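Chemist: Mind looking at a prediction? Sequence and model below.
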Amino acid sequence: MYDLSMHDVIIVGARCAGAATALLLARQGVRVLLTDRAAFPSDTVSTHLLHPTGVARLRDWGLLDPLLASGCPPIDTISFRAAEDLVLRGAPYPYDGIASSLAPRRSVLDALLVEAAVAAGAELREGVSFQQLIREDGRAVGAGFGGRSGRSGFTERAALIIGADGRHSAVARQVGAKPIRDAGTFGCQFYGYWHGLPNVGTQIFVGGGQAVLAYPTHDGHHLVLVGWPHARFAEVKQDIDRHFLAAVAKSAPAVAEHLTDAARCGPVSGSGDLGNYVRESSGPGWVLVGDAATAKDPVTAQGIGDAFAQAQSLAGRLPAALAAGPRAVDAATAAHSTDRERDGGAAFETTLTFARGGNSAALLPVLRKAEGRPDLISMFYGIYAGQVTMEEFVAAVG
């Protein structure tokens, strides 16, 4: 490889996108420096849900069994209440032999990915904050970091800087990555954890201007989530607990009866920072992955799976390109970005439709036709997973 510095690649951000990229590159002999402001294990705001596409990647990377062994329960069934008299029950849409979803706590999943990356040979530096991009002749050639919690700052050089540092990416800001598309913000979500709920898989309740979800996660807990239109964000924030519990009681009374103070496991948290966008994602000596590159409303829970897919795409191109020199690296990162935008376009549009609450009235008669047909119900869930388009589902229902 053409750069004689200690590292071939510096990755800023060590959660799902960054750690997965580090793992896949390190396994191919790439010298990776993985950095993050946080120390692991630690939590982050997330819907947690991982569709079968993402579960299959964990299996292929040898991480599914360790995640299951950590106490993360498989989710084999989904119930979707589309109306008072219509509940669709079925299985997640299968992918490559996997027909289960998972909802791991991020403190467990992220740490598992980071530990696997380090075991593969990546160097991890936690508790450090990206400060500046180092350029020479217009090309990114390194990065400067500030220490946190008593750690010293440092500067390192590398052939490629990968920004995996989320929606408010400092790397994207420093490279001047312009928005290719900004589709706006439509929703807000809040969630908490309770124990003692029966494990009946994922439960989804929609209607009345809100959505309520409940599904099992680590430690015998359930994550219970409420989503509202973004216009209600300021109101909900004034008294999160009251609005949250009232929403669950209205839409999912059978869930609400379990949400006692004694069964509660921590505060309700969430975000209204749920914009839908695509940024310029590559340039001379740099590339963005995960939410730093593109993000969708979590209504379809595709974020973790998207991060894994992007890591797989980028890691499949980089080792040979790093060996060939700067032009090859830039060509590889540009091809990765182009393919991501092409392959993810339909899922982006579908997510926008769900986030806006559109087509709900028109969709209800189609869902009634699918009632009692497990294959079509599973196919409907494939829309949320980004594997099936709405048009394909409607055509299949007939």
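Modeler: Now that the structure is in, tell me what you want to look at.
Chemist: For burial, what's the neighbour tally of the residue nearest to Lys296 when sequence neighbours are not counted?
Modeler: Spatial nearest neighbour of Lys296, excluding adjacent residues (Cβ to Cβ, 6 or more residues apart in numbering): Thr351 at 4.3 Å. (Each C-beta comes from the backbone N, C-alpha and C, glycine too.) The tally of other residues near Thr351 (other Cβ atoms under 10 Å) stands at 25.
Chemist: Buried ones in the helix or strand hosting Thr351, by neighbour count?
Modeler: Assigned by DSSP states H and E, Thr351 falls within helix 326-356. Neighbour-count burial for helix 326-356, with 16 or more other Cβ atoms under 10 Å as criterion, is recorded at 326, 328-330, 332-333, 336-337, 340-341, 344, 346-348, 350-356.
Chemist: circling back to that earlier point, just list the residues touching the residue nearest to Lys296, thanks.
Modeler: With contact set as Cβ atoms under 8 Å, 6 or more residues apart in numbering, Thr351 has these partners: 276, 296-297, 299-300, 302, 386.
Chemist: let's see it at 6 Å
Modeler: 296-297, 300 (Cβ atoms under 6 Å, 6 or more residues apart in numbering).
Chemist: pLDDT on stretch 268-276, on average?
Modeler: The average pLDDT within stretch 268-276 is 96.
Chemist: Can you get me the start-to-end distance on that stretch?
Modeler: From its first residue to its last, stretch 268-276 covers 23 Å (Cα to Cα, to the nearest Å).
Chemist: Give me the buried positions along that stretch.
Modeler: 268, 270, 272, 274-276.
Chemist: want to try a markdown table for those residues, with secondary structure and distance to His221 as columns?
Modeler: A markdown table is the format used below for the buried residues of stretch 268-276 (DSSP: H, G, I helix; E, B strand; the rest coil; distance: Cβ to Cβ, whole Å):
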| residue | secondary structure | distance to His221 |
| --- | --- | --- |
| Val268 | coil | 13 |
| Gly270 | strand | 16 |
| Gly272 | coil | 24 |
| Leu274 | coil | 23 |
| Gly275 | coil | 29 |
| Asn276 | strand | 29 |
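Chemist: Separate out the buried members of the contacts of Thr351.
Modeler: By 16+ other Cβ under 10 Å, the contacts of Thr351 give 296-297, 300 as buried.
Chemist: Give the next helix or strand downstream of the helix holding Thr351.
Modeler: Scanning forward in sequence from helix 326-356 by DSSP H and E, the next helix or strand is helix 360-370.
Chemist: Show me what that next one is in contact with.
Modeler: 82, 376-377, 394, 397.
Chemist: pLDDT averaged over it - what is it?
Modeler: For helix 360-370, the per-residue pLDDT averages 88.
Chemist: Please point out which parts of that helix sit buried.
Modeler: Neighbour-count burial for helix 360-370 flags 363, 366-367, 370 (criterion: 16+ other Cβ under 10 Å).
Chemist: likewise stretch 111-124?
Modeler: 111-118, 120-124.
Chemist: Look at Met1 and report its pLDDT.
Modeler: So, for Met1, pLDDT stands at 34.
Chemist: meant to ask about Gly153
Modeler: So, for Gly153, pLDDT stands at 88.
Chemist: Surely it touches Gln132?
Modeler: No - counting by Cβ atoms under 6 Å, Gln132 is not a contact partner of Gly153; they are 10.5 Å apart.
Chemist: tell me how far stretch 198-207 is from the chain's mean position?
Modeler: Put simply, stretch 198-207 sits 20 Å off its chain's centre (Cα atoms, centre = their mean, to the nearest Å).
Chemist: so can I have JSON lines of the contacts of Thr351 showing secondary structure and pLDDT?
Modeler: Below are those laid out as JSON lines (DSSP: H, G, I helix; E, B strand; the rest coil; pLDDT from 0 to 100):
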{"residue": "Lys296", "secondary structure": "coil", "pLDDT": "96"}
{"residue": "Asp297", "secondary structure": "coil", "pLDDT": "97"}
{"residue": "Thr300", "secondary structure": "helix", "pLDDT": "96"}
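Chemist: tell me the helices in the stretch 201-350 of the chain, going along the chain?
Modeler: For the stretch 201-350 of the chain, the helices defined by DSSP state H, counting those that start in this stretch occupy 233-238, 240-251, 253-256, 303-324, 326-356.
Chemist: The ones you listed: which one's closest to Tyr215?
Modeler: Across the helices of the stretch 201-350 of the chain, Tyr215 has its closest neighbour in helix 253-256 (10.7 Å, Cβ to Cβ).
Chemist: outside of that closest one, which residues touch it?
Modeler: With Cβ under 6 Å, 6+ apart as the contact definition, helix 253-256 has outside contacts at 214, 248-249.
Chemist: cool, stretch 274-289 as well?
Modeler: Defining contact as Cβ under 6 Å, 6+ apart, one finds that stretch 274-289 is touched by 17, 21, 138-140, 161-164, 172, 175, 177-183, 185, 187, 293-294, 296-297, 310, 330, 333-334, 337.
Chemist: Many thanks, I have nothing further to ask.
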